[in-house]
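K.L.:
Mind folding the following:
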Amino acid sequence: MFKLIATKFLDSFSLRKKSKNSIEKKLIEPLGKSFGQKEISFNLHNQRVDDVAIPKADIVAAPDKITLAELTKIFRESNLTRLPIFKSTLDNPIGFVHLKDLALRNGFGKQKKFNITDLIRPLIYVPPSMTLGTLLQKMQAERIHMSLVIDEYGGVEGLLTIEDLLEQIVGEINDEHELKEDLLWSKEKENVFIVNARLNLEDFKSQSGVDLTIKRNGDEYDTIGGLVFNITNRIPSRGEVVTDSSGNEFSVLEADPRSIKRLRLNLRS
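P.N.:
Sure thing, here's the model as predicted:
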């Protein structure tokens with residue numbers, strides 16, 4: 001079902017030089033039949049790209065000096081079809097490479113000399129405040145399906161592809177086909193939950209009834225990962241247990257030096 005909707009959605013990008021209203025109508029109609037036009041329209045016009053973008057710490061990218069073997073390995077291990085390419089650091093992006101282009105030029109036993117500059121496609125650069133609807137229109141107009149979110153200082157803040165946008169637009173609406181592995185939390189047993197660090201605290205509260213809100217020196221955070229970081233003022237290591245002021249325990253199941261990934265939450269009984 002999701003693939004069918006995605007296909008119809010992406011077909012709308014074959015449109016050329018349409019008005020803003022015409023583009024939005026084409027985007028909303030195929031999705032609205034299955035999920036409701038009001039919900040889709042709301043997400044298009046009210047969600048900002050910084051609400052849903054993949055955080056900088058989670059972006060998989062490659063340097064422009066990479067070898068063919070190294071680039072192929074990243075594609076294989078990440079299961080991605082597009083990779084941003086940068087000079088020196090991710091804050092200096094120069095475009096992206098599509099797996100299809102790599103395969104056509106250097107795959108299937110071809111012995112062409114590898115030069116990544118021959119494969120680089122342009123990116124779209126957008127501000128954090130742009131709405132999803134505006135970004136979709138921009139992607140359609142420029143025929144580019146990967147964007148980087150750039151902050152006020154010119155640094156990279158996040159990443160969004162056309163597939164990410166589609167998933168976010170319809171993903172807010174629960175349906176019977178939602179996969180368990182896509183959930184941000186699951187209940188292991190009574191008072192014990194496995195949670196993604198990106199899980200929004202308000203969403204978790206509304207879905208599970210568990211309120212983890214803690215007022216801490218005026219600090220603001222929206223996610224469980226942010227809560228744990230504010231308690232420790234650092235990225236805790238895998239296996240570490242962090243306790244909040246209410247006695248709830250957060251066991252770190254997965255983390256890297258840049259971010260917390262997954263935790264086990266033991267509620268104080």
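
K.L.:
Every contact and neighbour count from this point should use C-alpha atoms.
P.N.:
Fine.

K.L.:
which SS state does the closest residue in space to Phe96 that isn't next to it in sequence fall under?
P.N.:
The shortest distance from Phe96 to any non-neighbouring residue, by C-alpha to C-alpha, 6 or more residues apart in numbering, is to Pro84 (4.1 Å). Here Pro84 is strand, with the state taken from DSSP: H, G, I helix; E, B strand; the rest coil.

K.L.:
number of nearby residues for Pro84?
P.N.:
Per other C-alpha atoms under 10 Å, the neighbour tally for Pro84 reads 25.

K.L.:
from what I can see it touches Pro93, true?
P.N.:
Yes. Between Pro84 and Pro93 there is a contact under C-alpha atoms under 8 Å: 7.0 Å.

K.L.:
what packs against the host helix or strand of Phe204?
P.N.:
Mapping Phe204 onto the secondary structure by DSSP states H and E places it in helix 201-208. Of the remaining helices and strands, none touches helix 201-208 by 3 or more C-alpha pairs under 8 Å, 6 or more residues apart in numbering; DSSP states H and E.

K.L.:
doesn't Arg48 make contact with Ser129?
P.N.:
Yes. Between Ser129 and Arg48 a contact is recorded at 5.6 Å, counting by C-alpha under 8 Å.

K.L.:
The two - which one has more neighbours?
P.N.:
Comparing Ser129 with Arg48 by other C-alpha under 10 Å, the one with more neighbours is Arg48, at 19 against 13.

K.L.:
Not counting its neighbours along the chain, what's nearest the more buried one?
P.N.:
Here the residue nearest Arg48, using C-alpha to C-alpha, 6+ apart, is Thr131, at 4.2 Å.

K.L.:
how much space between the one you found and Ser78?
P.N.:
Distance, Thr131 to Ser78, by C-alpha to C-alpha, to the nearest Å: 28 Å.
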